[in-house]
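Q: Here is a sequence with its predicted model. Questions after.
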Amino acid sequence: MRKAADLVWEEGYQQPFIRELGEGTLQRERFAFYLLQDFRYVNDYARVHALGLAKATDPEIMAFMLKVQNGALQVETEVHRSYLASYGITEEQMNNVRQSAFARAYTSNILSIAYGKDILDILVAVLPCAWVYADYGYRLAAEFADTLDDNPYKSWVDMYKTDEFWQDSVWLLEHIEKLVADASEERKRELIDIFVTGVENEYMFWASAYDMQYTWKPEWNQER
Ligand SMILES: Cc1ncc(C[n+]2csc(CCO)c2C)c(N)n1
């Protein structure tokens with residue numbers, strides 16, 4: 001699965017949003033755009049886990065789904081809230097953001113999997129979120145270790161380089177491997193497609209935030 005996504009995964013780490021985040025040079029407006037879209041994304045990500053919990057029969061999977069919901073809603077959004085508050089963005093503005101076409105594409109895809117598919121598909125659909133962020137978080141922290149203390153985005157990097165997201169990724173991979181053991185080749189291809197699509201959507205989410213792009217063509221960007 002990871003091999004199938006390698007091209008996008010590596011390009012994703014090299015994209016301007018991530019480079020400039022590591023260097024600390026990313027324009028605040030671009031980061032705020034990202035955080036506002038991501039605040040909504042994280043809420044829906046929690047919803048996907050709630051639906052996963054409802055579909056799971058294995059108590060271990062149920063407990064994991066509950067834990068991630070809680071983590072996403074409480075811990076992760078704290079970092080969003082504190083950056084956005086420091087930029088003078090109010091809670092009301094945070095809750096009334098126009099969703100970008102790219103954020104919507106990603107969110108709708110994982111929500112439709114959560115509503116319509118099995119627990120295995122759900123585990124695969126949420127894996128890129130935890131794994132890509134943990135990987136990039138660690139790499140950014142190592143690559144920019146010397147300058148991180150002066151980087152305004154340090155608390156963002158710090159949050160994602162924590163062991164927790166690695167452990168979540170390892171946990172997901174172990175459970176996916178167990179469930180996929182007797183799957184047909186066709187089924188495995190279906191799951192790889194879900195995984196790679198997720199990694200592509202992660203890329204698109206950052207790239208569209210970098211361009212502060214609400215819609216496919218920048219000239220359609222006007223208020224709605
Ligand atoms: C677009 C987007 N994708 C992934 C994450 C990262 N993330 C969201 S919830 C969570 C907890 C997973 O166990 C993690 C790591 C994000 N913030 N925004």
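A: Perfect, thanks for sending it.

Q: Helix or strand for the residue most central in space within the chain, just tell me which one.
A: In the chain, the C-alpha nearest the mean C-alpha coordinate belongs to Cys129, at 3.7 Å (C-alpha atoms, centre = their mean). Here Cys129, judged by DSSP states H and E, is contained in helix 119-143.

Q: sorry, back to before: wait, the residue nearest to the centre of the chain touches Glu202, no?
A: Yes: contact status for Cys129 versus Glu202: in contact at 7.2 Å, counting by C-beta atoms under 8 Å. The C-beta positions use only the backbone N, C-alpha and C, and glycine is treated the same way.

Q: Name the next helix or strand downstream of the helix or strand encompassing Leu7, please.
A: Assigned by DSSP H and E, Leu7 falls within helix 6-14. Tracing the chain past helix 6-14, the next element assigned as helix or strand by DSSP H and E is helix 16-23.

Q: Tyr160 reaches Trp131, doesn't it?
A: No: contact criterion C-beta under 8 Å: Tyr160 and Trp131 do not qualify, at 10.9 Å.

Q: Which one of these two is surrounded by more residues?
A: Neighbours were counted for Tyr160 and for Trp131 using other C-beta atoms under 10 Å; Trp131 has more, 25 against 21.

Q: For the residue nearest to the more buried one when sequence neighbours are not counted, report the pLDDT, please.
A: Excluding the flanking residues, the one nearest Trp131 by C-beta to C-beta, 6 or more residues apart in numbering is Ser169, at 4.1 Å. Here, the pLDDT recorded for Ser169 equals 95.

Q: Just want the angle from the strand or helix carrying Ser169 to helix 119-143.
A: Ser169 belongs to helix 163-180 when elements are defined using DSSP H and E. If you take axes from the mean of the first three to the mean of the last three C-alpha atoms, to 10 degrees, helix 163-180 sits at 150 degrees to helix 119-143.
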